[in-house]
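In: need a 3D model of the sequence below.
(2 chains)
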Amino acid sequence: MKKVFLMVLFCAVNVLPVMAGQITLGEQLQLTEVTKIYEINAEPEKYLGKRVRVEGLIIDVCSARGCWVDLASDVPFEKIQVKVVDGEIVFPMEAKGRTAIVEGVVEMLQLNEEQSLMYAEHLALERGEIFDQSTVKGPMKIFRIRGEGARIL
Amino acid sequence: MKWRRFNAALHRDIGYLCIGLTLIYAISGLVVNHISHQFNPSYTIERNETSVQPVAAPVRPDIDMVNRILGQLQETGEFKNVTMITPERMRIFVEGNTLDVWPVTGKVIEEKVRQRPLLYELNFLHLNKSKGAWTWVADGYAVLLAFLAITGFLMIRSKTRTRGLVLTVIGFLVPLIFLIISQ
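Out: Numbers count the residues shown, from 1 in each chain, chains lettered A, B, ... in the order given. All right, here's what the predicted structure looks like:
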């Protein structure tokens, strides 16, 4: 009995670090087909309201509540934001620099000029950056993914 | 009366059982109540600006350049990844640090992230980040807290009746008044 216990403990200790590498958050991933992030950015209306599976490098994580991540696109200098419900999914800060597979629904935020200024200022605060009002030109349409499940590799 | 003794014993023993979890939820509750962009209850986030020797901006991230930059900054964290955020800005990810580098000017902004010792673990439990089995433990604790409240109320006796009732009513009034004021 003691030998069995020690064996199980030995296996667990060795398996746990491997298991700890991947992080699973939210709902189980269902889709098999991956949609390229640049395709969503190029034709966002085509994907609006649709559930998609995307993969990308996590280049930024919300530093307050872990409630969003930015995923780098396949096209240089492009990205897409994955927003989750506060508390339902919390992206750890350690996720930065790791690859994520995310499933969720493409949504659109339509902001008037005042809302756009507030949104941009809020983002700058979260990123620890200085807010430059001149970067906001007017009303904005923001396309992002409402994340429902994620796996961080 | 016998039921009073039983009630007191229940209150005492459930109280003992709840000491650990109450301290966890109390400490974590205090800190997460103050989440803001300037305060993350689970991590310390330190941003600072520094510089490295300027070089030409790469078209693609260059691992040799990355190693030279990390060497100049004496950054020993395990390398995770690198990408170009803009044509002028490279972002290097290492364990515990994210470095934004402008190669042409040599400007570097570092964001060092560390888990807050103990607080990270307390918040992990309080906020149920692992989900799964801990959800049941947290639910069980909530039920025990309700038991404590009820058994505590039933401990009001004739000697302490007025004080007990007044304090209980105040305990209900405070959240009620806040709710009314904030509507």
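In: contacts, neighbours, all on C-alpha from now
Out: Will do.
In: now residue 53: closest residue in space that isn't a chain neighbour?
Out: Went with chain A since none was named. residue A:103 (4.4 Å; CA to CA, 6 or more residues apart in numbering or on different chains).
In: could you do chain B instead?
Out: Closest to residue B:53 by CA to CA, 6+ apart is residue B:106, at 5.4 Å.
In: low-confidence stretches in the chain?
Out: You didn't pick a chain, so chain A it is. Within chain A, the segments meeting pLDDT under 70 span A:1-20.
In: try again with chain B
Out: For chain B, the stretches flagged by pLDDT under 70 are B:1.
In: which strands or helices does the top helix by length along it pack on?
Out: Counting residues, the longest helix found in chain B (DSSP state H) is helix B:2-32. Applying 3 or more CA pairs under 8 Å, 6 or more residues apart in numbering or on different chains; DSSP states H and E, we find helix B:2-32 packed against helix B:119-126, helix B:133-153.
In: quick one: contacts of the following helix or strand past it?
Out: Once the chain leaves helix B:2-32, the next helix or strand it forms, by DSSP states H and E, is strand B:43-51. Contacts to strand B:43-51, defined as CA atoms under 8 Å, 6 or more residues apart in numbering or on different chains, come from residues A:128, B:106-116, B:120.
In: using a markdown table, lay out these together with neighbour count.
Out: Shown next, in a markdown table, are the contacts of strand B:43-51 (neighbours: other CA atoms under 10 Å in any protein chain shown):
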| residue | neighbour count |
| --- | --- |
| A:128 | 16 |
| B:106 | 16 |
| B:107 | 16 |
| B:108 | 21 |
| B:109 | 16 |
| B:110 | 19 |
| B:111 | 19 |
| B:112 | 17 |
| B:113 | 19 |
| B:114 | 17 |
| B:115 | 17 |
| B:116 | 16 |
| B:120 | 17 |
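In: widest-spaced pair of these?
Out: By the measure CA to CA, B:106 and B:120 form the most distant pair in the contacts of strand B:43-51, at 34.3 Å.
In: returning to that earlier point: which of the helices and strands packed on helix B:2-32 sits most buried?
Out: helix B:119-126 (a mean of 18; mean count of other CA atoms under 10 Å in any protein chain shown).
In: gap between the residue nearest to residue A:21 when sequence neighbours are not counted and residue A:94?
Out: Once flanking residues are discounted, residue A:21 sits nearest to residue A:153: 6.8 Å by CA to CA, 6+ apart. Separation of residue A:153 from residue A:94 (CA to CA, to the nearest Å) stands at 11 Å.
In: same check on residue A:113?
Out: According to CA to CA, residue A:113 and residue A:94 sit 34 Å apart.
In: between the two, which one's more packed in?
Out: Each of residue A:113 and residue A:94 has its neighbours counted (other CA atoms under 10 Å in any protein chain shown); residue A:94 has more, 17 against 14.
In: closest one of the contacts of strand B:43-51 to residue A:29?
Out: Nearest member of these to residue A:29, counting by CA to CA, is residue B:120, at 27.4 Å.
In: need the contact list for the closest one.
Out: Contacts of residue B:120 by CA under 8 Å, 6+ apart are B:41, B:42, B:43.
In: how close does the first one get to residue A:26?
Out: Distance from residue B:41 to residue A:26, counting by CA to CA: 22 Å.
In: what about the two, which has more around it?
Out: Neighbour tally, residue B:41 and residue A:26, criterion other CA under 10 Å: the higher count belongs to residue B:41, 23 against 17.
In: pretty sure the more buried one contacts residue B:121?
Out: No: judged on CA atoms under 8 Å, residue B:41 makes no contact with residue B:121 at a distance of 10.6 Å.
In: chain B against chain A: which residues are in contact?
Out: Chain B comes close to chain A at residues B:35-40, B:47, B:80-82, B:84-87, B:91-96, B:98, B:113, B:127, B:129, as judged by CA under 8 Å from any CA of the partner chain.
In: buried among these? Need that as a selection in PyMOL.
Out: The PyMOL selection below is limited to those of these classed as buried (16 or more other CA atoms under 10 Å in any protein chain shown):
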select buried, chain B and resi 40+81+82+84+85+91+92+93+94+95+96+98+113+127+129
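In: wait, what's in contact with residue A:109?
Out: Taking CA under 8 Å, 6+ apart, we find residue A:109 in contact with A:140, A:141, A:142, A:143.
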